[in-house]
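[1] Provided below are the primary sequence and the corresponding predicted coordinates.
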Amino acid sequence: MPKINGNEIRMGNVLEHNGGLWVAVKIDHVKPGKGGAFAQVEMKNLRNGSKLNERFRSADKVERVRLEQKDQQFLYENDGMLVFMDNETFEQIELPADILGERRPLLQDSMIVTIEYHESEALNATLPLKVTCVVEETEPAVKGQTAANSFKPAVLDNGLRIMVPPFIDQGQSIVVHTETMEYSERA
């Protein structure tokens, strides 16, 4: 695995540090008036989700880890475990449902999900950027409420509650952005 200098750490890099795998979440480059510059890095543990703040000087060497990414198809959920299938080898794996966190309701049958592996251990799962959902319940549009920034609450077919523009009605399909968990466009 390649070693990089402390000032070469970028957001999203996966590092091996203190015997664990950490992803860099936030980085501030600090140049104090006295002493050398350093990078203040906020990291999140990929295995247990704990956070850590660490200072890295440019002379510090850090082990950078490359995760292998595989696109796998979601099959079903069984006792809190999500079952995915590799479309090339047809091998099935089970991952805990909390690997997706708050994005779990957006997972749909037969959806292709990118799973990141370190050696043979699955560490992270990423949904496609946009998902199509159906509006189950929302208030009717109020006549004259056409202001650009007005939104109304809606409940989607997966139970998720989001804000939608006033022109969206019950039964319509909409596209939801999976990173921000917000309305994106009509489907």
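    The structure has been received and is ready for your questions.

[2] Flag the helix or strand of this structure with the lowest per-element mean pLDDT.
    Ranking every helix and strand in the chain by mean pLDDT, DSSP states H and E puts strand 121-126 at the bottom, with a mean of 86.

[3] in that one, what's buried?
    122-125 (16 or more other C-beta atoms under 10 Å). Bear in mind the C-beta positions are built from the backbone N, C-alpha and C, glycine included.

[4] Just say helix, strand or coil for the residue lying farthest from the centre of the chain.
    Ranking residues of the chain by C-alpha distance from their mean position (C-alpha atoms, centre = their mean) puts Lys34 at the top, at 38.5 Å. Under the three-state scheme (DSSP: H, G, I helix; E, B strand; the rest coil), Lys34 adopts coil.

[5] Also the one 5 residues further on?
    Assigned by three-state DSSP, the conformation of Ala39 is strand.

[6] Renumber starting at 16 from here on
    Happy to do that; since the first residue is 16 now, the last one works out to Ala54.

[7] That one: neighbouring residues, count only.
    Counted with other C-beta atoms under 10 Å, residues neighbouring Ala54 total 22.

[8] for this protein, which spans come out with low pLDDT?
    16, 158-163 (pLDDT under 70).

[9] Domains in it, by residue range?
    18-80, 83-141, 145-201 (automatic domain parsing).

[10] you'd agree Arg118 is in a strand?
    No. Counting by three-state DSSP, Arg118 is not part of a strand but helix.

[11] these two touch, right, it and Met196?
    Yes. Counting by C-beta atoms under 8 Å, Arg118 sits close enough to Met196 to count as a contact (7.1 Å).

[12] Neighbours of Leu30, how many?
    22.

[13] Let me fix that, I meant to ask about Leu61.
    Other residues close to Leu61 by other C-beta under 10 Å number 19.

[14] list the contacts for it?
    The contact partners of Leu61, taken as C-beta atoms under 8 Å, 6 or more residues apart in numbering, are 29, 35-38, 133, 138-139.

[15] next one: Pro111
    Contacts of Pro111 (C-beta under 8 Å, 6+ apart): 95-97.

[16] could you redo the last one with a cut-off of 6 Å?
    Residues in contact with Pro111 (C-beta atoms under 6 Å, 6 or more residues apart in numbering): none are found.

[17] Beta-bridge partners for it, please?
    Going by DSSP bridges, Pro111 is paired in beta bridges with Met96.

[18] Just give the strands next to the least confident helix or strand of the chain in its sheet, each with its orientation.
    For strand 136-141, pairing defined by DSSP bridges yields strand 127-133 (antiparallel).

[19] pull the CA atoms of the partner strand into PDB?
    The C-alpha trace of strand 127-133 is given here as PDB (Å, rounded to 0.1, in the frame of the first residue of the first chain):
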ATOM      1  CA  ILE A 127     -27.500  -2.000  -8.100                       C
ATOM      2  CA  VAL A 128     -25.500  -0.900  -5.100                       C
ATOM      3  CA  THR A 129     -21.700  -0.200  -5.000                       C
ATOM      4  CA  ILE A 130     -20.100  -2.100  -2.200                       C
ATOM      5  CA  GLU A 131     -16.600  -1.200  -1.100                       C
ATOM      6  CA  TYR A 132     -14.300  -4.000   0.100                       C
ATOM      7  CA  HIS A 133     -11.000  -4.100   2.000                       C
END
